[in-house]
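**Q** pasting a predicted model and its sequence here:
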Amino acid sequence: MQIVVFGAGSLGSLVGAALAREAANEVTLVGRDPHVRTIRETGLELVGELEATVSPNATTDGSGLEADLAVVTVKSFDTAAAAETLATGSYDTVLSLQNGMGNETTLADALETTVLAGTASYGALFRDPGVVACTGIGEIVLGPREGGRSARADRIGDLFKAAGLETTVADDMPRRLWEKLAVNAGINPVTALSRSENGAILEHEANDLARSAARETARVARACDVRLSNREAVAALERVASETTANTSSMHQDILATRRTEIDAISGYVVDRGEECALEVSTNRLLTSLVRTWERSHGLR
Ligand code: KPL
């Protein structure tokens, strides 16, 4: 199968490397130099809990490509730009494996092809150009973005499973996306602001804060007609934190690298939807304000 991965960051490179282990897959990574240049010159190495040394195609220009599948792993604030680039090419299926809410809709509005929704809870860390570490075996969940089943989602699920990625094909993606939002709203800002690894979420004050953010997210989900109990949201948060204890969350990685974070599409999204429904979302509001303040003080917004 021909696969293009849009966004060769830590997660995109992990997924791309795993898929490229299968001889039947021809994988192209779209990313930035010097990572792309190194992949072209010496290949891509996946180390840690998943291992591979592969030689996928790599490019900094994703326009005009054709493939059976595009996997989108760009940051949520780059989704609209990625959609414009994807629209210049041709794909049978597009799968979003991104953090935050609204990415699938942005892609579907810009593209005529089928867009599947997905979540990924693998721990992934960018080590060096050409080297990415898998720091925690999580899970990929994918399916039709409105829910229900489709043969196309089953085929993509089989492709991911054959590549050795823990994968579930789900018929309740709207609920799964909210559950993942609760996980990210708990783990990402708390680990980023406290400069801790994901395992810190299982301890003391960080646990209270992360649980509170996850519970608020579940409450907002229910107000948006999605059945997600507080207990389920907290259980998902703690399961992902235990599976990825040694992982530096993506928002923590962004802060360490002085990059813009995905706070708007994660905690900021919970605050906006909560306020629309007149719900109290004080923990998410506080976490959003702190991360935005950090971004402003570093000229990132
Ligand atoms: O999605 C993640 C992220 O870091 O953005 C988790 C699942 C929390 C893994 O770190």
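**A** Now that the structure is in, tell me what you want to look at.
**Q** quick check: residue 15 is in a strand.
**A** No - checked against DSSP: H, G, I helix; E, B strand; the rest coil, residue 15 lies outside a strand; its state is helix.
**Q** burial of residue 231, as a residue count?
**A** Using other Cβ atoms under 10 Å, residue 231 has 10 other residues around it. Yep, even glycine has a C-beta here, placed from its N, CA and C like the rest.
**Q** again, but for residue 267
**A** Counted with other Cβ under 10 Å, residue 267 comes out at 34.
**Q** for it, which residues are in contact?
**A** Residue 267 makes contacts with 185, 188, 189, 213, 284, 287, 288, 291, as judged by Cβ atoms under 8 Å, 6 or more residues apart in numbering.
**Q** per-residue confidence for the closest residue to residue 138 other than its chain neighbours?
**A** Leaving aside its sequence neighbours, residue 138 sits nearest to residue 121 (Cβ to Cβ, 6 or more residues apart in numbering; 3.2 Å). Looking at residue 121, its pLDDT is 91.
**Q** what distance do you get for residue 121 to residue 45?
**A** In this view, residue 121 and residue 45 are 22 Å apart by Cβ to Cβ, to the nearest Å.
**Q** more neighbours: which of those two?
**A** For the pair residue 121 and residue 45, the greater number of neighbours falls to residue 121 (24 against 19), based on other Cβ under 10 Å.
**Q** tell me the contacts of that one?
**A** Taking Cβ under 8 Å, 6+ apart, one finds 138, 139, 140, 180, 183, 240, 243, 244 in contact with residue 121.
**Q** ok, and the most crowded of these?
**A** Comparing the contacts of residue 121 on neighbour count, residue 183 comes out first with 30 neighbours (neighbours: other Cβ under 10 Å).
**Q** which parts of the helix or strand where it lies are buried?
**A** Using DSSP states H and E, residue 183 sits within helix 173-194. Buried residues in helix 173-194, counted by 16 or more other Cβ atoms under 10 Å: 173-193.
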